[in-house]
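Undergrad: Have a look at this fold, sequence not included:
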């Protein structure tokens, strides 16, 4: 054996020390990402249940309280400090993404805590009271397979009764400080709580999971659970639902504001800038986004004119919108089952072509369901993710409040967005990717997630759809809908537009029904900034695809491009751009 000289020994020892330090840093960073995920689940147990983290199924937080916000602040401070202990040069590319994501989320979270958003803890579009209602239905994320599952939700119901009191306490504080919802939104919440009170306990939404027990629940257990659920519903929940209904009608509605946007609230315009940053993951100002929206509306309207001419319609584009809204042939369904069957048909049409565009596809199954009756009137079509192990499929929910008025001209496009290859592909692949730490498997950035789903709408012709000009117009209509959002969301919250101004602008520029547009505008009023995410993300992905095609030329492979976009899960747009730029440079 050859002897090592003194210098060689020193070099080897130095390398060992460096390797040990690198390994320690890696282990430390994994511990940080694990702790970050656990902390997020503890702060958001309803989300944890949605993500299949079942150890939180009996928990409910009072997210509007001062004590909860202190926990949030401590969480952000902790991980802001933890990141400073990490040597980022020792991290892999994917670990560096994780580092940057935590840093970004913490910064935005801290920014939001500067504002008293907790004084408006509920609205008509999403939130704890609606999620609890969904979970109570027995067909959503909350499991009802064992006696323990039923007991878990019973604990949540007990906590929910107290949660209602906390919501009212902070809403009263909001009244005192002028931090209240617009009247139009308060009006929509009243029937949501009213519907949760029934004459017969068996008809109550929160009794739904007891109508048909799984075979694992014995007869004795069933009787006990029925008594316990009935008592909780009648003695705890329903009195609270009556109480908050009266509060909304008698105290909150009279105090609700007549303005539509949060810009009218104390520090509202500054808050809106934070929401715009949160939802777009960019630094673009509300004014810049508004101008971009106006440009996109003009571009898409020119494309719509071409379709109008193609089908031989002689009137104006606005008259064509009305023609599409009311065309009897586009409202031909007689039953909700026919609507669902049409989406199944769309699925079968694209199946043979998906492999041509996607080598990376999820294992998780998915279903198409009608939206539950209790929230159908105020709901949009949406995707609800399945579990990472595939035990609960992803669900594409379709609201059908009035089947005779259901217009299907945009259904091909809607399926691509909500199901395949939109949200179902992106979210399922993210959850199934074992290379990602858990907090990223269940992360969400609207600009990426909604941007991806909107981008997939442009793939319709490649997937065998849009052969009917009205369905292609549906795609343009839905893209216009997202462009209009850039204008009306910033208009409402940054330019003091009224609800009525926003409704009129939407009616003038898109073919959605008036009822649908009203529900959408009220959605934007409830969740400022969220509507900006779709178009901002889509434009970035389209820009990156064009850049890759231009630079890589014949080496560009659409399947690899889609893989690169999807494989790391959701990312802030700056990180996504960095990733694709690196791929372009190495792939050239």
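TA: Okay, I see it. Treat the numbers as computed from the prediction; the structure is a model and nothing was measured.
Undergrad: C-alpha only now, for contacts and for neighbours.
TA: Noted.
Undergrad: Relative to residue 275, how far out is the residue most central in space within the chain?
TA: Closest to where the C-alpha atoms of the chain average out (C-alpha atoms, centre = their mean) is residue 446, at 6.5 Å. Plainly put, residue 446 is 11 Å away from residue 275 if you go by C-alpha to C-alpha, to the nearest Å.
Undergrad: Give me the residues contacting the helix or strand harbouring residue 440.
TA: Using DSSP states H and E, residue 440 maps to helix 438-441. Residues outside helix 438-441 that contact it (C-alpha atoms under 8 Å, 6 or more residues apart in numbering): 33-34, 36-37, 98, 430-433, 569-570.
Undergrad: Read off the pLDDT value for the nearest residue in space to residue 380 that is not next to it in sequence.
TA: Leaving aside its sequence neighbours, residue 380 sits nearest to residue 399 (C-alpha to C-alpha, 6 or more residues apart in numbering; 6.5 Å). We have a pLDDT of 95 for residue 399.
Undergrad: Same check on the one 4 residues further on?
TA: At residue 403, the predicted lDDT confidence score is 95.
Undergrad: same question, the one 5 residues further on
TA: Reported pLDDT at residue 408 in the predicted model: 94.
Undergrad: Ok, the one 10 residues further on next?
TA: At residue 418, the pLDDT value in this model is 96.
Undergrad: repeat for residue 329
TA: On the pLDDT scale, residue 329 is placed at 95.
Undergrad: Next, count neighbours for it.
TA: Per other C-alpha atoms under 10 Å, the neighbour tally for residue 329 reads 11.
Undergrad: try residue 230
TA: By the measure other C-alpha under 10 Å, the count of residues near residue 230 is 20.
Undergrad: How about residue 140?
TA: 19.
Undergrad: pLDDT at the closest residue to residue 313 other than its chain neighbours, what is it?
TA: By the measure of C-alpha to C-alpha, 6+ apart, the closest residue to residue 313 outside its immediate chain neighbours is residue 320, 7.1 Å from it. We have a pLDDT of 95 for residue 320.
Undergrad: Then residue 320 would be within a helix, right?
TA: Yes. Under DSSP: H, G, I helix; E, B strand; the rest coil, residue 320 falls within a helix.
Undergrad: about what we covered before: list the contacts of the helix or strand just after the helix holding residue 440.
TA: Counting by DSSP H and E, the element after helix 438-441 in chain order, helix or strand, is helix 446-457. Residues outside helix 446-457 that contact it (C-alpha under 8 Å, 6+ apart) are 279-281, 413-414, 416-418, 421-423, 426-427, 475, 479, 530, 532-542, 570-573.
Undergrad: likewise stretch 351-363?
TA: Identification of contacts with stretch 351-363 by C-alpha under 8 Å, 6+ apart yields 390, 421, 425, 428-429, 432, 462-464, 558-560, 562-563.
Undergrad: For the residues you listed, could you give me a markdown table that also reports neighbour count and pLDDT?
TA: Shown next, in a markdown table, are the contacts of stretch 351-363 (neighbours: other C-alpha atoms under 10 Å; pLDDT from 0 to 100):
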| residue | neighbour count | pLDDT |
| --- | --- | --- |
| 390 | 16 | 84 |
| 421 | 24 | 98 |
| 425 | 24 | 97 |
| 428 | 27 | 95 |
| 429 | 22 | 96 |
| 432 | 18 | 93 |
| 462 | 13 | 96 |
| 463 | 19 | 97 |
| 464 | 15 | 97 |
| 558 | 16 | 97 |
| 559 | 14 | 97 |
| 560 | 15 | 97 |
| 562 | 17 | 98 |
| 563 | 16 | 97 |
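Undergrad: Just send these back as JSON lines, with secondary structure too.
TA: Putting these into JSON lines (three-state DSSP) gives the following:
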{"residue": "390", "secondary structure": "coil"}
{"residue": "421", "secondary structure": "coil"}
{"residue": "425", "secondary structure": "helix"}
{"residue": "428", "secondary structure": "helix"}
{"residue": "429", "secondary structure": "helix"}
{"residue": "432", "secondary structure": "helix"}
{"residue": "462", "secondary structure": "helix"}
{"residue": "463", "secondary structure": "helix"}
{"residue": "464", "secondary structure": "coil"}
{"residue": "558", "secondary structure": "helix"}
{"residue": "559", "secondary structure": "helix"}
{"residue": "560", "secondary structure": "helix"}
{"residue": "562", "secondary structure": "helix"}
{"residue": "563", "secondary structure": "helix"}
